[in-house]
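1. Could you work out the structure for the sequence below:
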Amino acid sequence: MSTRASRRSSLRLTGLARSTCLELPTGSSEKSPLISTYLSKIPASNSTKQRWKSLTSSKLQRRLENINIWVANKTEGKITELLPPNSVNQSTPLVLVNAIYFKGNWDSQFSKHQTQERPFKVSKNEQKPLQMMFKKSTFNMTYVGEIFTKILVLPYVGKELNMIIMLPDEYVDLETVEKQLTYEKFVEWIRPDMMDEEEVEVCLPRFQTG
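-> The predicted structure is shown next:
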C-alpha cells in the first residue's frame, strides 16, 4: 500500500460511532528511531490512537516481554504473545509493532436462536460441523466476474465500518482468488456504486471480534 493510500485508510478510521472501539497502537525500539516524516503521516485523534514507546531493556528476552506486555495492555489482553520466544535475535535492527484491536456490534444482529450446527466446507473435499450463525436480511453485495466471487458487506453499528466477505463460486479455488487480490483491485470491487441491495441468507461460523 502506498503512503498516500495508507494515510487515506487511516483517516477513514476517525470519527467512529461511540459503540465501536478501534485501537491502532504502534511502537518501535529505541535502537532504530523512526524519522519524523514517517511519524507525520500518521494522524492522531481520540478514536485512532497511535502512541510511540521506547523499549530500553538491554536484554533481548526482556525486550520481547516488554513488547508483549505493551501489546496486551493496548488490546485489553486480547493479544498476549505477539512475539513468541526466539522470534527475533541480537541482529534484529528494528521491531515495529502494529496491533489492531477492534470491538463492534453488528448493525443487523444475528439471532442466537438461529445459531445451530451446520456443515462448513473447509475445502472441496472436506466439511466440518460448526456452530453457524444465520441471518436473512437485505445487504449490499456484488459479483466480481473477474474472480468469479460474490462480495458481501456486513455493516457494524453506525455503518462506518464493515466486514467484507468474499465467497468464490463453488468450482473456484481460494488460492486462485488470493493470487489476483491486490489492494487496488479490492478498493475498486467494493466501491458503493458497484454494490446492489439484495435480500440474502447469510450463514457464517460463530465467532467473536475484540
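
2. domain assignment for the protein?
-> As given by automatic domain parsing, the domain ranges for the chain are 3-103, 112-205.

3. could you dump the ones you listed to CSV with mean neighbour count and mean pLDDT?
-> Yep, even glycine has a C-beta here, placed from its N, CA and C like the rest. Output for these, formatted as CSV (neighbours: other Cβ atoms under 10 Å; pLDDT from 0 to 100):
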stretch, mean neighbour count, mean pLDDT
domain 3-103, 14, 62
domain 112-205, 13, 91
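
4. those strands in the protein, which residues are they?
-> For the chain, the strands defined by DSSP state E cover 21-23, 26-28, 96-98, 101-103, 116-123, 126-144, 149-155, 162-168, 196-205.

5. want to throw the ones you listed into a markdown table with distance to Ala72?
-> Output for those, formatted as a markdown table (distance: least, Cβ to Cβ, whole Å):
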| stretch | distance to Ala72 |
| --- | --- |
| strand 21-23 | 12 |
| strand 26-28 | 12 |
| strand 96-98 | 12 |
| strand 101-103 | 10 |
| strand 116-123 | 31 |
| strand 126-144 | 28 |
| strand 149-155 | 28 |
| strand 162-168 | 25 |
| strand 196-205 | 26 |
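
6. Determine which of these approaches Pro85 most closely.
-> Pro85 lies closest to strand 96-98 among the strands of the chain, at 16.1 Å (Cβ to Cβ).

7. Going by contacts, tell me the helices and strands next to the closest one.
-> Judged by 3 or more Cβ pairs under 8 Å, 6 or more residues apart in numbering; DSSP states H and E, strand 96-98 is in contact with strand 26-28, helix 60-74.

8. how far out from the middle of the chain is stretch 123-138?
-> 21 Å (Cα atoms, centre = their mean, to the nearest Å).

9. let me redo that: stretch 153-160
-> 14 Å.

10. Kindly report the same for stretch 197-210.
-> 16 Å.

11. Render the CA-only coordinates of it in PDB, please.
-> What follows is stretch 197-210, C-alpha atoms only, in PDB (Å, rounded to 0.1, in the frame of the first residue of the first chain):
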ATOM      1  CA  GLU A 197     -29.100  -4.100  -2.200                       C
ATOM      2  CA  GLU A 198     -30.300  -7.700  -2.200                       C
ATOM      3  CA  GLU A 199     -32.100  -9.900   0.300                       C
ATOM      4  CA  VAL A 200     -29.800 -12.800   1.100                       C
ATOM      5  CA  GLU A 201     -29.500 -15.600   3.600                       C
ATOM      6  CA  VAL A 202     -26.100 -15.300   5.400                       C
ATOM      7  CA  CYS A 203     -24.700 -18.300   7.200                       C
ATOM      8  CA  LEU A 204     -21.400 -17.800   9.000                       C
ATOM      9  CA  PRO A 205     -19.300 -19.700  11.600                       C
ATOM     10  CA  ARG A 206     -20.000 -18.300  15.000                       C
ATOM     11  CA  PHE A 207     -17.100 -16.000  16.100                       C
ATOM     12  CA  GLN A 208     -16.300 -13.000  18.300                       C
ATOM     13  CA  THR A 209     -14.300  -9.900  17.500                       C
ATOM     14  CA  GLY A 210     -12.400  -7.900  20.000                       C
END
